[in-house]
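Peer 1: Here is a sequence together with a model predicted from it:
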Amino acid sequence: MPNERDLMRRVSAKDAAAFDELVVAVGPWVRLRLVGIVRDEAAADDLLQEVLLRVWTRSGQWDGRGDVRAWLGRMAVNLALNHLRARRRQRHVPLEPSVDPDKSEPSPAWMVDVSAVAPDLAAESNEEAARLAELLAGLPPTKLDVLRLVYEQELELHEAARLLGLPVGTVKSRLFYARRELARRWEQRDDNA
């Protein structure tokens, strides 16, 4: 069986058989990485298809010198992080419970969720979340990616480093400076308020 570099060279020349072999060789590995990041099997399957499509359409971007799995891994991580960003933007929390327009009376006590956050606390929480999202948007993508993997995906530093193809020390450094920058910006906004 040809090695992955040879297969990738053939894929760059638009050899469909080589592409099929490459998919069999690296597809499960890429999918496993995607599932680890997005934590959603269906989304990982969709993202895998996107990675494979990009391998075929952008195979000329692989320079032939680097490791094929590292190139695919970076592509997969970038797509997964973009997916998480998009999914995060789509979330919203209503400030008030939905009301049935056909009913004018309040819901029975047994239907009320007593653990639900009061509207004033929900509004404050939403304001803080929006403020944090604004501060996060100002971070460089390299630091933002590390923050998202460590805090949103709850990955260990060594796992984040592996996914990003970086040394653990670089991930630690980016995380440290990202947190420091966020704290500084948060305090500046408090001082200006």
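Peer 2: Great, that's in hand. Here the structure is a predicted model, which is why all the values come from computation and not from measurement.

Peer 1: Alpha carbons only: can I get whichever helix or strand R74 is part of in CSV?
Peer 2: Per DSSP states H and E, R74 falls inside helix 68-90. Output of helix 68-90 as CSV, limited to C-alpha atoms (Å, rounded to 0.1, in the frame of the first residue of the first chain):
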residue,chain,number,x,y,z
VAL,A,68,-0.3,14.7,5.3
ARG,A,69,-2.0,14.0,8.6
ALA,A,70,-0.8,17.3,10.0
TRP,A,71,-2.2,19.2,7.0
LEU,A,72,-5.5,17.3,7.2
GLY,A,73,-5.6,17.8,11.0
ARG,A,74,-5.2,21.6,10.7
MET,A,75,-7.9,21.7,8.0
ALA,A,76,-10.2,19.6,10.2
VAL,A,77,-9.5,21.7,13.4
ASN,A,78,-10.1,25.0,11.5
LEU,A,79,-13.4,23.7,10.0
ALA,A,80,-14.5,22.4,13.4
LEU,A,81,-13.8,25.7,15.2
ASN,A,82,-15.6,27.6,12.5
HIS,A,83,-18.6,25.2,13.0
LEU,A,84,-18.5,25.8,16.8
ARG,A,85,-18.3,29.6,16.2
ALA,A,86,-21.3,29.5,13.9
ARG,A,87,-23.3,27.3,16.3
ARG,A,88,-22.5,29.6,19.2
ARG,A,89,-23.8,32.6,17.3
GLN,A,90,-27.1,30.8,16.6
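
Peer 1: Packing partners of it?
Peer 2: Contact here means 3 or more Cβ pairs under 8 Å, 6 or more residues apart in numbering; DSSP states H and E; on that basis helix 68-90 packs against helix 4-12, helix 16-38, helix 41-57, helix 157-164. Bear in mind the C-beta positions are built from the backbone N, C-alpha and C, glycine included.

Peer 1: now the ones you listed as TSV including mean neighbour count?
Peer 2: Compiled in TSV, the helices and strands packed on helix 68-90 are given as follows (neighbours: other Cβ atoms under 10 Å):
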stretch	mean neighbour count
helix 4-12	19
helix 16-38	17
helix 41-57	16
helix 157-164	18
